[in-house]
Every structure is written in structure tokens, then in C-alpha cells.
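> Quick one: sequence and predicted model below, then my questions.
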Amino acid sequence: MAAKATYIQRGESLDHTNRTEQEIKAGTVLVNGKIVGVAGCDIPPGTVGSLHVMGVYAFPKGAVAIAGGTALFWDAAAGQVAVSGTVPLGYAVESAAAETDMVPVLIDRSAG
């Protein structure tokens, strides 16, 4: 007998249960294994909210220049993008100078 799959949701955003004791604020970057997403709304403790895993978002970065199209990773310890790492984030949509604080990123787990 062939294995069956059951449709759950489209996948642009995923249901995320806040299992902490603090509210997760909209815009918070969350990591689940190799999946990086952005909280789409405030998620109170014990409730389910949306975690956006597709789209273009401005992410914080360090004092490094990033060329458009560069594969980027999420550095959870530093709370910013990195040009190397183990958690793929996506691709820089445009170049960002070293002195800028943010870089627009197309979320894409295949990056890297």
C-alpha cells in the first residue's frame, strides 16, 4: 500500500505554538532547526500564531558589506545575518553597505 499525505497548509506561513512564558512579538525572528521565520503577529504564551517562512524582510546585519544575491545565513547567537553558517536564511535582494544596519532578504531555505 502506498503512503499517503494529508494537506495541512500552503506553507508561506506556518502555525507556531508559543511554548514559552513570554509573548513573542510580531517581527521576532524564530528558528526551528533549519527553518527561519518571522512572527507575523504577537503570539501570547500557549497560543498559536503565524510564522512567515517566505517573503522579503529587512534583517539586521553587522558592519559588513553584502552584495545583492549573496546567500545568507541566520546567526541566532548574534541576532543577525551572516555570510556563512549552518542555518540557511535566503538571499540578499540588493546590496547593503557596511555602514547600514539592515539588509533586505528573500527568505529561501535552499540558500547556501
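Nice, I can see it. Numbering: from 1, shown residues only.
> CA only for contacts and neighbour counts going forward, please
Fine.
> care to break this protein down by domain?
Domain assignment for the chain, taken from automatic domain parsing, gives 13-53, 56-107.
> Make TSV from those domains and add distance to Met1 and mean pLDDT to it.
Putting those into TSV (distance: least, Cα to Cα, whole Å; pLDDT from 0 to 100) gives the following:
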stretch	distance to Met1	mean pLDDT
domain 13-53	30	96
domain 56-107	36	97
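> For those, give me JSON lines that also has mean neighbour count.
Output for the domains of the chain, formatted as JSON lines (neighbours: other Cα atoms under 10 Å):
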{"stretch": "domain 13-53", "mean neighbour count": "17"}
{"stretch": "domain 56-107", "mean neighbour count": "18"}
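> Please convert those domains to CSV, extending it with distance to Ala5.
Shown next, in CSV, are the domains of the chain (distance: least, Cα to Cα, whole Å):
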stretch, distance to Ala5
domain 13-53, 17
domain 56-107, 26
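> can you tell which of these is closest to Tyr7?
The closest of those to Tyr7 is domain 13-53. By Cα to Cα, the value is 12.9 Å.
> Out of the domains of the chain, which gets nearest to Ala2?
domain 13-53 (26.8 Å).
> Sketch out the strands for the chain, chain order is fine.
13-17, 29-32, 35-39, 48-52, 55-60, 71-75, 80-82, 88-92, 102-107 (DSSP state E).
> Among those strands, single out whichever gets nearest to Thr6.
Here strand 13-17 is closest among those (Cα to Cα), at 15.5 Å.
> rewinding a little: for the strands of the chain, give me TSV that also has distance to Tyr7.
Compiled in TSV, those are given as follows (distance: least, Cα to Cα, whole Å):
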stretch	distance to Tyr7
strand 13-17	13
strand 29-32	21
strand 35-39	19
strand 48-52	17
strand 55-60	22
strand 71-75	29
strand 80-82	32
strand 88-92	25
strand 102-107	23
